[in-house]
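In: Could you look at this predicted model? Sequence included:
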Amino acid sequence: MKFAIALGLCAVSLAACSTEPTEADTAPDPDAQAEADAPSEPRTLVAADFGELELGARIEGPVGPEVEASIVVDGRSIGDIVSYVACPAEYDECDPEDLPEGTVYTYVHTIRPGVDAPNDPPFTRPVGLDEVLAATLFSTTRTASGFNGAIGYDRDQATAALGPDGEIRVQDDNGTLAWRVIGGDGWETGEPITVFWQSTLPPEGPAEAYSLRADEKIAMATGPFPPKQDDGS
C-alpha cells in the first residue's frame, strides 16, 4: 500500500514539474526581438493632385503668409523652397488660435532645384549656388505630427518637369514623408514642383525639417512644421 502511495506521489510530482516553463521556454528569442525592433518598410500612399485642391486662407506666420528659403548643403544652395500653410476652403481667415481642435491644415511646398531667389529674413543667403542635373527625393526629416494620410503633388508641374513617363511616388517612412521621383527625364534646374501634405496640427513655426536629395547631395530646407506630439513624434 505504501509502495502504491509513493508511486502516486511520484506521478503527481512529475506532472507538476512538466507544467513548469523550462529555461529554453523563458529565454528571449533574439531574432524575434530584432524583428520587432526593426523599422518597418516605407508605406506607399495614394498621391492626390494638388491642382484639384480647394484651399482657404493662409496662416500669417512670423515671416508672413509664405516662407522662402534656400535648400543648402555645405553652405551652398542647390535650390529654393517656398512654403505656406492653408486652412480649409470655408475659412477666409486662418488663425489657428480661433479654430477648433482637429482642423485640417494643408502644408504646401514649391521646390525649384538649381534656382535660389532672395530669402526672407531671418534666413541668410548661401555662399553660392549649384545647378542641379537630377533631383530625386524631397522629404521631411522629422515625423509629420498630426498627418491625416492626405498627401500629393501638382501633376501638371511634374509632367512638365519630368516628361510624360515621369512619376512621383509618395511614401510614409516610419512617420516621415517622402516624394520620390520615379522615371522621366530628370528633375533639373529651374523646374518647379509643388508638393503638399495635411495635418490636424498647425505649424509651430519655420523649422529645418525638410531635405532635398540631388546629384548625390543631401541638402536641408526650412519650412513650416507642426510641433512634436506628446508621444515624441
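Out: Nice, thanks for sending it over.

In: mind listing what R58 touches?
Out: Going by CB atoms under 8 Å, 6 or more residues apart in numbering, R58 touches 65-66, 84-87, 94. To be clear about C-beta, it is placed using only N, CA and C from the backbone, and glycine gets the same treatment.

In: Spatially, which two of these are the most separated?
Out: Pairwise distances across those (CB to CB) peak at 14.8 Å, for the pair E66 and C87.

In: Settle it for me: which of these two has more neighbours?
Out: In this view E66 and C87 are compared by other CB atoms under 10 Å, and C87 has more residues nearby, 22 against 17.

In: hang on, the more buried one in a strand?
Out: Yes: under DSSP: H, G, I helix; E, B strand; the rest coil, C87 falls within a strand.

In: Who wins on neighbours among the contacts of R58?
Out: That'd be V85 among the contacts of R58, by other CB under 10 Å, with 27 neighbours.

In: Send me the strand or helix carrying G56 as CSV with only the CA atoms.
Out: Using DSSP states H and E, the element containing G56 is strand 55-58. Taking only C-alpha atoms (Å, rounded to 0.1, in the frame of the first residue of the first chain), the coordinates of strand 55-58 have been written out as CSV:
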residue,chain,number,x,y,z
LEU,A,55,-7.8,75.8,-50.1
GLY,A,56,-8.8,78.6,-47.8
ALA,A,57,-6.8,81.5,-46.3
ARG,A,58,-3.2,81.1,-45.4
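
In: So what sits opposite the residue positioned nearest the centre of the chain in the bridge?
Out: For the chain, the residue sitting closest to the mean C-alpha position, by CA atoms, centre = their mean, is L177 at 2.2 Å. Beta bridges link L177 to D172, judged by DSSP bridges.

In: And it, how far from D92?
Out: Between L177 and D92 the computed distance is 28 Å (CB to CB, to the nearest Å).

In: if we can go back for a sec, can you list the contacts of R58 in a markdown table and add distance to I78 and pLDDT?
Out: Output for the contacts of R58, formatted as a markdown table (distance: CB to CB, whole Å; pLDDT from 0 to 100):
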| residue | distance to I78 | pLDDT |
| --- | --- | --- |
| P65 | 25 | 93 |
| E66 | 20 | 93 |
| Y84 | 22 | 98 |
| V85 | 24 | 98 |
| A86 | 27 | 98 |
| C87 | 32 | 98 |
| C94 | 31 | 97 |
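
In: ok, back up a step: output the contacting helices and strands for the helix or strand just after the strand holding G56.
Out: Per DSSP H and E, the first helix or strand lying C-terminal to strand 55-58 is strand 67-73. Contacts defined by 3 or more CB pairs under 8 Å, 6 or more residues apart in numbering; DSSP states H and E place strand 67-73 against strand 76-88, strand 205-214, strand 217-225.

In: how does it look with 10 Å?
Out: Contact analysis of strand 67-73 by 3 or more CB pairs under 10 Å, 6 or more residues apart in numbering; DSSP states H and E lists strand 76-88, strand 105-113, strand 205-214, strand 217-225 as its packing neighbours.
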